[in-house]
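Enquirer: could you look at this predicted model? Sequence included:
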Amino acid sequence: MKIAVLGSTGQTGRLVVARALERGHEVLALARRPEQVRVPASANLRVVRADVTEPGSVAAAVKGADVVVSGLGVTRKQDPAVLSDGARQIASSAPRVIWLTSLGMGATQGALGAFNGALLKRVLRHEWDAKDAADRAVRNAGGTTVHAGPLTDGPYRGNGHLVRAEGFAPRMIPPRAPRAGIAALMVAEAETPRFADAAGIALFENR
């Protein structure tokens, strides 16, 4: 399978690239600055320059890919439109999209309860509308949104799974998610689609 990874220079995106390579897939690592891609060298890896602010570059970069997995994010100094524009470009040019976003927004609004939901919206106010637009663009195109709680750099012990948003009971304390686990779940969803046109919530059980 050929997997294109958007946001491959980010903390989670790098792990998605590494996981896909580990699973034996051909990987296209998309990056605005290819020299910043820090992943293991592999004959199955090709680093491709792509910038969502340059119309057409993303569509050209993902041509031939079976699926696009996105770990794209923005900092407070970046224009959040990168998220919504990127999602629209990917949704219109890729056969399938798996998009990482935050638990408590988009299709999962209400999942954290009223207080924490309002707090999350305040914390993410810089990018809230853009994230919401990105979520809708991906799902309207038949893609999958993966909603994760606070991300950690802890180890992944194979204890993660995705659950459908509509079956998730609101929680006062957001479930934490190791980045390595998110990468594993997103690559698994790429390999065996279970959440097409739907939102999946990432959960990691204690072991």
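Expert: Yes, it's here.
Enquirer: burial measure for the closest residue to R49 other than its chain neighbours, as a count.
Expert: Nearest residue to R49, sequence neighbours excluded (C-beta to C-beta, 6 or more residues apart in numbering): P34, at 5.1 Å. For the C-beta atoms, the positions are set from N, CA and C on the backbone; glycine is no exception. Counted with other C-beta atoms under 10 Å, residues neighbouring P34 total 14.
Enquirer: can you check D153 too?
Expert: D153: 9 neighbours (other C-beta under 10 Å).
Enquirer: next up, the contacts around it.
Expert: For D153, the contact set (C-beta atoms under 8 Å, 6 or more residues apart in numbering) comprises Q11, P178, R179.
Enquirer: is it true that the first one touches A180?
Expert: Read that as Q11. No: with contacts counted by C-beta atoms under 8 Å, Q11 stays clear of A180, the gap being 10.2 Å.
Enquirer: and those two? which has more neighbours close in?
Expert: Of the pair Q11 and A180, A180 is the one with more neighbours under other C-beta under 10 Å, namely 20 against 12.
Enquirer: touching, that one and Y156? I think so.
Expert: Yes: between A180 and Y156 there is a contact at 3.9 Å, judged by C-beta under 8 Å.
Enquirer: state the pLDDT value of M1.
Expert: Looking at M1, its pLDDT is 95.
Enquirer: wait, I meant A183
Expert: On pLDDT, A183 comes in at 97.
Enquirer: same question for N206.
Expert: The model's pLDDT for N206 equals 68.
Enquirer: can you show me the helices along this structure?
Expert: Shown for the chain, the helices assigned by DSSP state H span residues 11-22, 57-61, 81-93, 113-123, 128-140, 179-191.
Enquirer: switch the ones you listed over to JSON lines; also include distance to V48.
Expert: Putting those into JSON lines (distance: least, C-beta to C-beta, whole Å) gives the following:
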{"stretch": "helix 11-22", "distance to V48": "12"}
{"stretch": "helix 57-61", "distance to V48": "5"}
{"stretch": "helix 81-93", "distance to V48": "13"}
{"stretch": "helix 113-123", "distance to V48": "33"}
{"stretch": "helix 128-140", "distance to V48": "21"}
{"stretch": "helix 179-191", "distance to V48": "17"}
